[in-house]
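S.K.: Sequence and predicted structure, then a few things I'm wondering about:
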Amino acid sequence: MTTSPVITRNGADLSRRLGYLATIITILVGAVSLKEHFDRRPKFNLSGRWIIEDKIDKTAYKPYLGGTAMFSVAINQTGTDFSGVGEKTMQAAHELVGRERSSLSIQGHIDGDKVTATFLEKGNSRETSGFFLWTFDPAQNRWVGTFSSTAADTSGSSILRR
C-alpha cells in the first residue's frame, strides 16, 4: 500500500511546525533563564577597601553618647554575599594606634540597593557583636544606614564609604 501524497505532506508540515514550536520554546526558556541570571547578579561590587563611620545616638554608657568610631575594612564579595576584616582606627576623634586598635570581622548580603551585615569586634578586654543596615545613596556614592552593637548597647547612624 502506498501513502497518499497529502498525508505525507501534512505529516511533514506537522513535523516542521513542531520543530518551529520547539525552537521558539527553547529561545523563550533561554531568554527567561538569562533574565533570571542578570536579575540575581548584584548591582554593586563591595570588594575592596572601605571606611565605616558610626555615630552613637543611643547607649547605656552615657560618655559614649554622640561619639564616633571609624573602621578600615577590606571586603571580598562572592555573588551577593561578602565578608571582610579590618580594624577600628578612630574612637571619639582620637586616632588609635597599636594595641588600642581592635579587630573587626564582617559578613553580609546585598539585596538590590540594600546591605545587611553582622560584625564581631575583638577588643583587648572583650568581644562585641552587632549588625549594620545600609542603603545605597547615589547622590553621595556611598552607603548610609544604621548600626547596633552589644558594646554598651550602642546604636546609631552608619556610613560605608570608599
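M.R.: Nice, thanks for sending it over.
S.K.: When you work out contacts or count neighbours from here on, use the C-alpha atoms and nothing else.
M.R.: Will do.
S.K.: I'd like the domain boundaries of the protein, if you could list them.
M.R.: The chain resolves into domains spanning 1-41, 48-161 when parsed by automatic domain parsing.
S.K.: could the ones you listed be laid out in a markdown table, adding mean pLDDT?
M.R.: As requested, those are exported to a markdown table (pLDDT from 0 to 100):
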| stretch | mean pLDDT |
| --- | --- |
| domain 1-41 | 76 |
| domain 48-161 | 97 |
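S.K.: got the residue ranges for the strands in the protein?
M.R.: In the chain, the segments counted as strands under DSSP state E are 48-58, 68-78, 81-91, 94-95, 103-111, 114-122, 127-137, 142-149, 154-161.
S.K.: The last one to strand 127-137, inter-axis angle?
M.R.: Just to be clear, that refers to strand 154-161. Relative orientation of strand 154-161 and strand 127-137, computed by axes from the mean of the first three to the mean of the last three CA atoms, to 10 degrees: 50 degrees.
S.K.: what does the first one give?
M.R.: On the basis of the same axes, to 10 degrees, strand 48-58 is oriented at 110 degrees to strand 127-137.
S.K.: Can you list the helices and strands that strand 48-58 packs against?
M.R.: strand 68-78, strand 154-161 (3 or more CA pairs under 8 Å, 6 or more residues apart in numbering; DSSP states H and E).
S.K.: Other residues contacting it?
M.R.: Defining contact as CA atoms under 8 Å, 6 or more residues apart in numbering, one finds that strand 48-58 is touched by 64-76, 147, 153-162.
S.K.: if we go to 6 Å?
M.R.: For strand 48-58, the external contacting residues (CA atoms under 6 Å, 6 or more residues apart in numbering) are 65-75, 154-162.
S.K.: Can you say which of these are buried?
M.R.: Neighbour-count burial (16 or more other CA atoms under 10 Å) applied to the contacts of strand 48-58 gives 65, 67-75, 154-160.
S.K.: Which residue lies nearest the spatial centre of this protein?
M.R.: With distances taken as CA atoms, centre = their mean, I110 lies nearest the centre of the chain, 2.1 Å away.
S.K.: Against A151, how distant is it?
M.R.: 25 Å (CA to CA, to the nearest Å).
S.K.: try I24
M.R.: Distance of I24 to A151, given as CA to CA: 59 Å.
S.K.: same check, this time on L96
M.R.: 18 Å.
S.K.: cool, A12 as well?
M.R.: A12 is 77 Å from A151, by CA to CA.
S.K.: Name the residue in the two with the higher neighbour count.
M.R.: Legend: neighbour count by other CA atoms under 10 Å for A12 and A151, higher for A151 (16 against 12).
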